[in-house]
Structures are given as structure tokens and as C-alpha cells.
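J.: Quick one, fold the following:
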Amino acid sequence: MRRSTRHSTRAIGALAASLALLCGGDPAATAQTAPPPQAGSAVATAADAVLLTVFLRHDQSRPLAELNAQLAKQGFYKAFPPPGIEVVSWNVVMGIGQIITLRLPATRLREVNRVLEDTAWGAYRTEFYPSYDYKAVGLAEHEKAR
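T.: Numbering: from 1, shown residues only. Model (predicted):
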């Protein structure tokens, strides 16, 4: 298993456990027994939104045309992003690949992960960095400190 995949899996597992605790559930029970949400069934609200930064690192040992053909064959652009998932930013970073930031309800994290597993793997190595919007809090602290 590649280091980035192992790291991503741990990060997603930790986020799921944390979100389950915040929602008042037992993270072990929730992670193992909760049925997956219906695809495309929830839109992020201020109360449950998470940001997910996804690094899609290009396989630089293969030509771009070959990578694009693989993405088309796997249906990447048809499936990603899933309906109802907000794209905050989508950038190409030279020497890295694509960096995409999504805003989504925590309940749809598994859906986004699965779409990327099914359609991006092979052309990209994936890394995931879940976060939350801290802008209002940070600016309020800044103002208070002045």
C-alpha cells in the first residue's frame, strides 16, 4: 500500500469517527452498521459542511493523452464531482497534478471517496485532506485581539 493511500485512509477514518462523535453516536457502530446515504441525497449546510481538499497527483511516467484516455474510459468526468457536491476550487498545479477543494455534507464523504476510487485511480494517486471553514472564527479572533 502506498504511503499516501494509507495516510488518506487513516484521515478519512479519523474524520468519520470524529463526525460520528459530534453527531452523538458511537463511531465504531456508525462506521460498521450505518447504511450508506443515497447518492446525491444531501446538500451541505453550515451545520454539517466539511471541506475536502483532494490532490490528484499525475502519473508522470505516462503521457497526458494516455492519462486522459484512461480517465475517459473509467468515466471520471461523468461521475466526478457527484451531483450536489459544491466545487470550491479546481486547479492544475504544475509538477503535482490537480488540487480540488469540495464542500459537502459529512454524510457524503464515503460517496466522494468511492467515485474517486472507481474513476481516478490508475491515472492519479489520490490524497485527501478534510477540513472545516474557520474564516469567521479566525477573523473574529483577529478583531478581538486588536
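J.: pull the helix or strand with minimum mean pLDDT from this protein.
T.: Lowest by mean pLDDT, DSSP states H and E among the helices and strands of the chain is helix 27-33, with a mean of 42.
J.: and the next element down the chain from that helix?
T.: strand 49-58 (DSSP states H and E).
J.: What residues of that following strand count as buried?
T.: Val50, Leu51, Leu52, Val54, Phe55, Leu56, Arg57, His58 (16 or more other Cβ atoms under 10 Å). To be clear about C-beta, it is placed using only N, CA and C from the backbone, and glycine gets the same treatment.
J.: Now the second one: closest residue in space, sequence neighbours ignored.
T.: This points to Leu51. Closest residue to Leu51 apart from its sequence neighbours, by Cβ to Cβ, 6 or more residues apart in numbering: Ser131 at 4.7 Å.
J.: and if you look at the third one?
T.: On the basis of Cβ to Cβ, 6+ apart, the spatially nearest residue to Leu52 that is not a chain neighbour turns out to be Leu102, at 4.8 Å.
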